[in-house]
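In: just to be clear, the model below is a prediction. Sequence and coordinates:
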Amino acid sequence: MEGFLLAKGYKLGRTIGEGTYSKVKEAFSQKHQKKVAIKIINKKEGPEEFIHRFLPRELQIITRLDHRNIIHVQEMLESPEGKMYLVMELAEDGDIFDYVLRHGPLPEPRARELFQQLVEAIQYCHGCGVAHRDLKCENALLQGSTLKLTDFGFAKLLPRDRRELSWTFCGSTAYAAPELLQGLPHDSRKGDVWSMGVILYVLLCARLPFDDTDIPKMLHQQQKGIPVPMQLGISKECQNLLKMLLEPDMNLRPSIEAVGRHPWLTNP
Ligand SMILES: Nc1ncnc2c1ncn2[C@@H]1O[C@H](COP(=O)(O)OP(=O)(O)OP(=O)(O)O)[C@@H](O)[C@H]1O
């Protein structure tokens with residue numbers, strides 16, 4: 001592995017993290033004279049569905065995307081032994097879940113600064129006809145104060161007929177919209193908007209809004225709505241945005257375009 005990458009101009013460094021079927025390592029790119037991240041996927045080890053369904057879809061999607069708030073994939077390599085290497089932009093400052101763990105509930109201006117960048121990334125994705133379907137704090141990385149969205153492993157190219165609905169549940173239960181938990185046909189873009197509500201709640205409250213250890217209870221909480229803790233002093237505008245994002249009726253939940261026009265974001 002080291003020899004193959006070295007011949008391509010990448011010197012491997014430490015392991016940054018491990019996914020279910022992948023490993024991510026830091027590397028130095030001799031060509032660009034800077035550090036990159038390389039995601040290594042052993043095609044011989046992954047299950048059939050991952051290798052033949054999700055992985056090709058992820059590769060097709062990530063190579064189309066080019067936005068400052070999305071981790072850029074620079075190159076894709078495949079070794080003769082069947083290993084895939086995704087050479088990506090490196091985000092050196094962890095993910096926003098770790099950030100909140102370190103800092104506790106964020107003041108509104110800081111939460112807004114991060115959330116605005118996520119809105120821009122998702123506006124871009126939905127505009128390109130891509131739903132992410134696995135939005136969570138762990139998939140929003142940081143490079144300094146720039147948010148970089150990653151992990152398009154469950155992403156989907158939306159059908160040309162935008163009214164066509166999806167049936168598949170992907171992603172993390174804690175971030176999943178009620179229609180996904182109930183197995184109802186849905187528009188994946190509305191699922192992304194719900195997950196963004198969960199992310200905004202975590203940024204502001206430093207905890208997850210819904211308890212995903214008991215799904216019937218979680219569905220009940222989602223319908224009832226979760227108040228933000230009073231002592232955090234969260235503004236009315238911000239609470240209103242949270243309520244719109246965590247709207248249990250997917251038909252009433254706003255599109256990402258409407259989210260971007262919310263006064264909490266446009267008139268701070
Ligand atoms: N470009 C990057 N820069 C910095 N860290 C990264 C980068 N890409 C991924 N990571 C980190 O590497 C780890 C593994 O990422 P990877 O996308 O392989 O799996 P995952 O999404 O964590 O897990 P799973 O595949 O099970 O969903 C994660 O902790 C992630 O934060």
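Out: Sure thing, it's come through. Remember, predicted model here, so these are calculated numbers, not experimental data. Numbering: from 1, shown residues only.
In: ok so residue 13 is a helix residue?
Out: No - using DSSP: H, G, I helix; E, B strand; the rest coil, the secondary structure at residue 13 is strand, not a helix.
In: centre of the chain to stretch 202-212, how far?
Out: Remark: stretch 202-212 is offset 16 Å from the chain centroid, using C-alpha atoms, centre = their mean, to the nearest Å.
In: which residues sit against that stretch?
Out: Contacts to stretch 202-212, defined as C-beta atoms under 8 Å, 6 or more residues apart in numbering, come from residues 96-97, 100-101, 103-106, 108, 110-111, 114-115, 137, 172-174, 198, 201, 217-218, 221-222, 226, 228-229, 232, 234, 238, 242, 246. C-beta here means a position set from N, CA and C on the backbone, and glycine is covered the same way.
In: same check, this time on stretch 46-60
Out: In contact with stretch 46-60 (C-beta under 8 Å, 6+ apart) are residues 21, 41, 43, 76, 84, 86, 152, 153, 154, 155, 156, 157.
In: how much space separates residue 126 from the ligand?
Out: Distance from residue 126 to the ligand, counting by C-beta to the nearest ligand atom, to the nearest Å: 21 Å.
In: how about residue 65, secondary structure?
Out: Quick answer, by three-state DSSP: residue 65 is coil.
In: how close does it sit to residue 102?
Out: Using C-beta to C-beta, to the nearest Å, we find residue 65 at a distance of 29 Å from residue 102.
In: with neighbour numbers in mind, choose between the two.
Out: Legend: neighbour count by other C-beta atoms under 10 Å for residue 65 and residue 102, higher for residue 65 (18 against 9).
In: now that one. Its backbone dihedrals?
Out: Taking degrees, to the nearest 10, you get phi -90, psi 140 for the backbone angles of residue 65.
In: and the one residue in the stretch 101-250 of the chain that gets nearest to the ligand, helix, strand or coil?
Out: At 4.3 Å from the ligand, residue 151 is the closest residue in the stretch 101-250 of the chain, using C-beta to the nearest ligand atom. Secondary structure, three-state DSSP: residue 151 is coil.
In: how far away is it from residue 140?
Out: Counting by C-beta to C-beta, the gap from residue 151 to residue 140 is 9 Å.
In: please identify which of the two sits among more neighbours.
Out: Taking other C-beta under 10 Å, residue 151 and residue 140 do not tie; residue 140 has more neighbours (25 against 21).
In: so what's the residue count around the closest residue in space to that one that isn't next to it in sequence?
Out: If the residues on either side of it in the chain are set aside, residue 140 comes closest to residue 96, at 4.6 Å by C-beta to C-beta, 6 or more residues apart in numbering. Using other C-beta under 10 Å, the number of residues around residue 96 comes to 24.
In: and the closest residue to residue 221 other than its chain neighbours, how many neighbours?
Out: Spatially, and ignoring its direct neighbours in sequence, residue 221 is nearest to residue 210 (5.2 Å; C-beta to C-beta, 6+ apart). Neighbours of residue 210 under the rule other C-beta under 10 Å: 23.
In: so residue 210: helix, strand or coil?
Out: Residue 210 ends up coil, using three-state DSSP.
In: what secondary structure does the residue nearest to residue 93 when sequence neighbours are not counted sit in?
Out: Closest residue in space to residue 93, ignoring its immediate chain neighbours: residue 142 at 4.0 Å, by C-beta to C-beta, 6+ apart. Following three-state DSSP, we place residue 142 in the strand state.
In: pull out the buried residues from the helix or strand hosting residue 219.
Out: Using DSSP states H and E, residue 219 sits within helix 215-224. Within helix 215-224, the residues scored as buried using 16 or more other C-beta atoms under 10 Å are 218, 221, 222.
In: so who does residue 182 touch?
Out: With C-beta under 8 Å, 6+ apart, residue 182 has these contacts: residue 219.
In: need the residues of the stretch 151-268 of the chain near the ligand, please.
Out: 151, 153 (C-beta under 6 Å from any ligand atom).
In: give me that answer again for 5 Å
Out: residue 151 (C-beta under 5 Å from any ligand atom).
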